[in-house]
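S.K.: Structure for this input, please:
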Amino acid sequence: MLKNRQLLLIYALVLIDVVVGAAISPVMPKFVAHQSHPELWLSGATALFLGLQLFSGPLLGKLADYIGRRPILILSSIGTALANLLLLPVKASLLLLNRVSDGLTNGMFATVRSAITDVSPEENLVKNLGIQGTIVSLGNVLGPMVAGGLLTLFTIPEKEQTSYIVYIALGLSVLNIGISLLISETSEKKEKLDQSKLKQTIIESINPVVLWRQLVDKEAERPGLQTLVLIRTVLALTQGYYTYFVTYLALGPLKFGTQSISYFFIYYGGFSVITSFIFYRFLADRLNQTRAMFWFAILGVPVLIGYGLVGKSTPILYGLVAVDCLSIGLISGIVEGLIAKRTNDDDRGTLFGLVQGLQGFASLITTLLFGALSALDLRLPFIWFGITMAVVIWLAYRTYRDKPALFTNGVE
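M.R.: Presented below is the predicted three-dimensional model:
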């Protein structure tokens, strides 16, 4: 019963955290609207956030093994609240400060995965981590709904709309601090705090070669881990399109305003919630997960290329989103569940921090690349995203072909 309560509190923490980020996302173009090349400002802000996560993710993951999950969740919640406070007043420079503050304390999701794994029986890992993915999707619905609903229901002068949404996000961030304080410690094993090891972790976290070697060392005792992390890292390259959507919708042929962007993410998130819930609740454990990942990735390539070709057609955009939620949107939960099965109580936080560090490098690279490509043509980044998804197809196929026994989850 206690573990179920813990799981519910963790899910609530994740939900509100995502709602806060998703509510602010549609108004981010307003912070840079008067700058030259606003697409580069938005990409730069994202790159700054991700770059700081390169060392904050592994560091906080390591700390979670030393001092426990609870203190890290509290720290991350406080960091998010402070980051949102920096968004007032609405200035491009403050957006950059927000990205710095949030990036330094954004170790929540690596720690959340560790905490969920701590309290989940092995047979429920994929399902519980998949539910976390569904919660994230739900947050991506409710966040824009908060922003869009506020602007629809109340007559707020256009110049004040962004500030109102930031105030709401700030209030929710404070609420999340309270929820983090209610969560009990989920890790029974803690290591003795070693400052020299922490310093070494920071140094190693900005070196992807070192991070990868650490995974190679763990592969012998946990077969399949290296392959799964590689797939997850490449998938992070692809998932840059989530971040890029705001820039593309606001500045591309569709010319969406704040409300239209909010409604788009409500639809996107809502469809994702439904498909993710059905898949992870009823289907995930009955399918060969690696084979499913392979076919989902195949469906994903034309969807990603199609996003760049929608022109001004909103119906085509929304149709592609539906296929996206039935394919690309389901891959992450599968991979993260399979990774979780290869962790143990001794180094779970460290391992998830390591994974987040590699994902951080991938996300930073893809952000810099799509930022440069968007300066040439706003459609070009989707070609890059399609190419990276093709790599996921190849990795999934090779995994199923060469190591089927490791990834069948008992289903042929």
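
S.K.: Tell me the buried residues in stretch 320-338?
M.R.: By 16 or more other C-beta atoms under 10 Å, the buried positions in stretch 320-338 come out as 320-321, 323-338. For the C-beta atoms, the positions are set from N, CA and C on the backbone; glycine is no exception.

S.K.: how far does that stretch stretch from start to finish?
M.R.: Its first and final residues considered, stretch 320-338 spans 28 Å by C-alpha to C-alpha, to the nearest Å.

S.K.: and residue 78, what element?
M.R.: Following DSSP states H and E, one finds residue 78 within helix 69-85.

S.K.: tell me the average confidence for that helix?
M.R.: For helix 69-85, mean pLDDT is 91.

S.K.: Could you identify the helix or strand that succeeds that helix?
M.R.: Sequence-wise, the next helix or strand downstream of helix 69-85 (DSSP H and E) is helix 92-105.

S.K.: and residue 311, how many neighbours does it have?
M.R.: Residue 311: 12 surrounding residues under other C-beta atoms under 10 Å.

S.K.: got the contact list for it?
M.R.: Neighbour list for residue 311: residue 253 [criterion: C-beta atoms under 8 Å, 6 or more residues apart in numbering].

S.K.: Just say helix, strand or coil for it.
M.R.: Secondary structure state of residue 311, per DSSP: H, G, I helix; E, B strand; the rest coil, is coil.

S.K.: Look up phi and psi at it.
M.R.: The phi and psi torsions at residue 311 (degrees, to the nearest 10) take the values phi 60, psi -130.

S.K.: If you count neighbours, what's buried in the host helix or strand of residue 170?
M.R.: Using DSSP H and E, the element containing residue 170 is helix 158-182. In terms of neighbour count (16+ other C-beta under 10 Å), helix 158-182 has its buried residues at 161-162, 164-166, 168-170, 172-173, 175-177, 179-180.

S.K.: how far is the helix holding residue 78 from where the chain is centred?
M.R.: Distance of helix 69-85 from its chain centroid, counting by C-alpha atoms, centre = their mean, to the nearest Å, is 17 Å.

S.K.: what residue ranges in the stretch 201-350 of the chain are flagged as low confidence?
M.R.: For the stretch 201-350 of the chain, residues meeting the criterion pLDDT under 70 lie at 201-208, 346, 349.

S.K.: Now for the closest residue in space to residue 343 that isn't next to it in sequence: which residues touch it?
M.R.: Excluding its sequence neighbours, the residue lying closest to residue 343 (C-beta to C-beta, 6 or more residues apart in numbering) is residue 351, at 5.2 Å. Taking C-beta under 8 Å, 6+ apart as the contact definition, residue 351 lies against 61, 218, 339, 343.

S.K.: Identify, from those, the entry nearest to residue 96.
M.R.: For those, the minimum distance to residue 96 (C-beta to C-beta) is 25.4 Å, reached by residue 61.

S.K.: Which helix or strand contains the residue nearest to the closest one when sequence neighbours are not counted?
M.R.: In space, and not counting its chain neighbours, residue 61 is closest to residue 353: 1.7 Å by C-beta to C-beta, 6+ apart. Using DSSP H and E, the element containing residue 353 is helix 348-376.

S.K.: Buried residues of that helix, list them for me.
M.R.: For helix 348-376, the neighbour count (16+ other C-beta under 10 Å) marks 348-371, 373-374 as buried.

S.K.: cool, stretch 22-40 as well?
M.R.: Neighbour-count burial for stretch 22-40, counted by 16+ other C-beta under 10 Å, picks out 22-32, 38-40.

S.K.: try stretch 282-291
M.R.: 284, 285, 288, 289, 290, 291.

S.K.: mind giving me JSON lines with these and columns for secondary structure?
M.R.: Formatted as JSON lines, those follow (three-state DSSP):
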{"residue": "284", "secondary structure": "helix"}
{"residue": "285", "secondary structure": "helix"}
{"residue": "288", "secondary structure": "coil"}
{"residue": "289", "secondary structure": "helix"}
{"residue": "290", "secondary structure": "helix"}
{"residue": "291", "secondary structure": "helix"}
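
S.K.: Turn those into JSON lines, including distance to residue 227.
M.R.: What follows is the buried residues of stretch 282-291, written out as JSON lines (distance: C-beta to C-beta, whole Å):
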{"residue": "284", "distance to residue 227": "19"}
{"residue": "285", "distance to residue 227": "21"}
{"residue": "288", "distance to residue 227": "16"}
{"residue": "289", "distance to residue 227": "13"}
{"residue": "290", "distance to residue 227": "10"}
{"residue": "291", "distance to residue 227": "15"}
